[in-house]
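J.: Take this sequence and fold it.
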Amino acid sequence: MPKMKTRSAVAKRFKVLASGKLKRKQGYRQHKAWAKTKKQRRQLSKSSLIHPTDQSRIKDLIQ
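T.: Residues are numbered from 1 along each chain as shown. The predicted structure is shown next:
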């Protein structure tokens with residue numbers, strides 16, 4: 001069975017932590033940021049974790 005290639009688009013968007021969890025950046029930050037409050041923009045700048053139900057699906061694409 002041949003090896004699967006890493007999906008480069010997925011590899012650019014997600015990082016695997018030492019615990020095995022996946023980290024991602026939050027959306028809704030680029031377009032119409034002026035309409036959001038400072039608190040919203042500050043909270044959206046932080047990264048968040050992928051939901052556990054999606055982790056195995058995305059890990060298969062990253063390898």
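J.: Walking through this structure, point out its helices one by one.
T.: 8-13, 38-44, 52-62 (DSSP state H).
J.: Looking at the ones you listed, which is nearest to K21?
T.: With respect to K21, and counting by C-beta to C-beta, the nearest of the helices of the chain is helix 52-62 at 6.9 Å. Yep, even glycine has a C-beta here, placed from its N, CA and C like the rest.
J.: At the geometric centre of this protein, which residue do we find?
T.: Residue closest to the average C-alpha location in the chain (C-alpha atoms, centre = their mean): R24, at 2.3 Å.
J.: Return the residues in contact with that one.
T.: Contacts for R24 were tallied using C-beta atoms under 8 Å, 6 or more residues apart in numbering; they are R13, F14, K15, S47, S48, L49, I50.
J.: For these, could you give me JSON lines that also reports neighbour count and pLDDT?
T.: Formatted as JSON lines, the contacts of R24 follow (neighbours: other C-beta atoms under 10 Å; pLDDT from 0 to 100):
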{"residue": "R13", "neighbour count": "14", "pLDDT": "94"}
{"residue": "F14", "neighbour count": "18", "pLDDT": "95"}
{"residue": "K15", "neighbour count": "13", "pLDDT": "95"}
{"residue": "S47", "neighbour count": "9", "pLDDT": "95"}
{"residue": "S48", "neighbour count": "12", "pLDDT": "95"}
{"residue": "L49", "neighbour count": "12", "pLDDT": "96"}
{"residue": "I50", "neighbour count": "16", "pLDDT": "95"}
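J.: separation between the residue nearest to the centre of the chain and K5?
T.: R24 is 21 Å from K5, where distance means C-beta to C-beta, to the nearest Å.
J.: Please report the number of neighbouring residues for the residue lying closest to D60 once chain neighbours are set aside.
T.: The shortest distance from D60 to any non-neighbouring residue, by C-beta to C-beta, 6 or more residues apart in numbering, is to M4 (7.6 Å). Close neighbours of M4, defined as other C-beta atoms under 10 Å, add up to 9.
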